[in-house]
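**Student:** build the 3D model from these lines:
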Amino acid sequence: MISFKTIVLVVVGLLMSSVRGGGSEEYPAINCRKHSAVLTDFGAKGDGKTMNTKAFKSAIANLSQVAGDGGAQLIVPPGKWLTGSFNLTSHFTLFVHKDAVILGAQDEAAYPLIEILPSYGAGRDGGGRHASLIFGTNLTDVVITGGNGTIHGQGQYWWDKFRADKLKDTRPYLIEIMYSDQVQISNLTLIDSPSWNVHPTYSSNVIIQWLTIIAPVGSPNTDGINPDSSKNILIEDCYIVSGDDCIAVKSGWDQYGIKFGMPTEDLIIRRLTCISPDSAVIALGSEMSGGIKNVRAENITAIDSESGVRIKSGVGRGGYVKDIYARGMTMKTMKYVFWMTGDYGQHPDDGWDPKALPKIENINYRDMVAENKLQWNCTNVEGVSSQVTPPSCDLLHPSEKVFNCPFPEDKLPIEDVQMKICST
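**Tutor:** Numbering: from 1, shown residues only. Model prediction:
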């Protein structure tokens, strides 16, 4: 079982307050907090017009002083809270009330430029990259949750500039957590992210639950959840409508990802519902140069989506995708069910290695149902099939012996985490 530890440090002189205008609200979390404050204690105004970046930063800076004394939670009360990018701290909970909306500022200056990811070598849109709306790095024990409160990225501003080629740097994500351990993101509605919605990177022991993620199906690169070079991750009970992949598993881009060498591994995805007419329900890649292994997906519902599971790679990627297990997928009105492509041509720069070829092996699908009739089309693949209707292509020849593709029955450590019941 994973143990979440807290170092005790006595801090005095910091004033805290209770939630204004009502009783406490209970919620599940990896850890509860001893101290609590409300965003309005730091001068914030929830009128949808006042910029509250300073209030968020001031609140979190003050609450960080009690990280060692049981930690703290910052409550975002009812209202519309306009803000630019702000950073979280350790042993900390950001709680968004059900009637609260955190609004991302429509101003590039509100999202400072930060370092390029070392496993990517460039911003994914080109140039540098803007900090996410909610950002954290080198953290331990951080929770972003609520009573199904809303984080709204106001992405149209960014999408228009991106399409018009008027951005020099990569758009901000809604939530990005880097180099962190013991992370929970849950019970939130995420709307209209400028680009990717949730991006845990170089992190471990990550729980993502009960998210509703919504973006127009034509919006550019609004991936739902992108675990990236991270380990021991649980994604469950999420509903995603996206202009790109609902979940995209990543681990670095070409020579930079190969050099960084950090795979995404030990990932569980379950009870996901996805609508993505132009992309995948679950994508593996295309940035997979650090490797992807031991992914377990089950009880997935795909509606009006381009593909159920897609493995994306290309010459120059290197890396591997292996030990992938999926079962219990129901797919309605799909263009493809399983799709593997090896011709993704995007590269961070001209330094990619044309001899770096990805390795794809031990891919297992079982108990999959696609309601519309789709044809098999197989090239450069080998394997076996059993109990498949209509029959698979000759390269996946039917086995003489009836069998089920394997699905691991052992538990991963992230499944042993016991949630506590906390209150605001």
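**Student:** what packs against the longest helix belonging to the chain?
**Tutor:** In the chain, taking DSSP state H as the definition, the longest helix is helix 53-63. Applying 3 or more C-beta pairs under 8 Å, 6 or more residues apart in numbering; DSSP states H and E, we find helix 53-63 packed against strand 35-38, strand 72-76, strand 79-83, strand 86-87. Where C-beta positions appear, they are placed from N, C-alpha and C, glycine not excepted.
**Student:** quick one, helices of this structure?
**Tutor:** 53-63, 156-163, 254-260.
**Student:** pick the most buried one from the ones you listed.
**Tutor:** helix 254-260 (a mean of 22; mean count of other C-beta atoms under 10 Å).
**Student:** can you name the residues in contact with it?
**Tutor:** 118-121, 229, 251-252, 287-290, 316-319, 347-348, 351-353, 356 (C-beta atoms under 8 Å, 6 or more residues apart in numbering).
**Student:** that older thread, quick one: which of the helices of the chain is nearest residue 182?
**Tutor:** Nearest to residue 182, of all the helices of the chain, is helix 53-63, at 17.3 Å by C-beta to C-beta.
**Student:** distance from the chain centre to that closest one, please.
**Tutor:** Using C-alpha atoms, centre = their mean, to the nearest Å, the mean C-alpha position of helix 53-63 is found 25 Å from that of the whole chain.
**Student:** could you do stretch 416-424 as well?
**Tutor:** Centroid separation between stretch 416-424 and its chain, computed with C-alpha atoms, centre = their mean, is 21 Å.
**Student:** now do the buried residues in it.
**Tutor:** By 16 or more other C-beta atoms under 10 Å, the buried positions in stretch 416-424 come out as 417, 422, 424.
**Student:** residues contacting it, please?
**Tutor:** Contacts of stretch 416-424 (C-beta under 8 Å, 6+ apart): 1-2, 19, 24-33, 36, 73, 75, 93, 95, 205, 207, 234.
**Student:** quick one, which of those are buried?
**Tutor:** 19, 27-33, 36, 73, 75, 93, 95, 205, 207, 234.
**Student:** return the member of those residues nearest to residue 408.
**Tutor:** The shortest approach to residue 408 among the buried ones among the contacts of stretch 416-424 belongs to residue 234, at 14.3 Å (C-beta to C-beta).
**Student:** can you tell me how far that closest one sits from residue 417?
**Tutor:** Here residue 234 is placed at a distance of 8 Å from residue 417 (C-beta to C-beta, to the nearest Å).
**Student:** what sits in contact with each of those two?
**Tutor:** Applying C-beta under 8 Å, 6+ apart, one finds that residue 234 and residue 417 are jointly contacted by residue 207.
**Student:** contacting residues around the residue lying closest to residue 158 once chain neighbours are set aside?
**Tutor:** Of all residues not flanking residue 158 in the chain, residue 194 sits nearest, at 3.6 Å (C-beta to C-beta, 6 or more residues apart in numbering). Neighbouring residues of residue 194 by C-beta under 8 Å, 6+ apart: 104, 153-155, 157-159, 171-174.
**Student:** do that again at 10 Å, thanks
**Tutor:** Going by C-beta atoms under 10 Å, 6 or more residues apart in numbering, residue 194 touches 104, 106, 111, 125, 130, 132-133, 153-159, 161-162, 167, 170-174, 215, 219-222.
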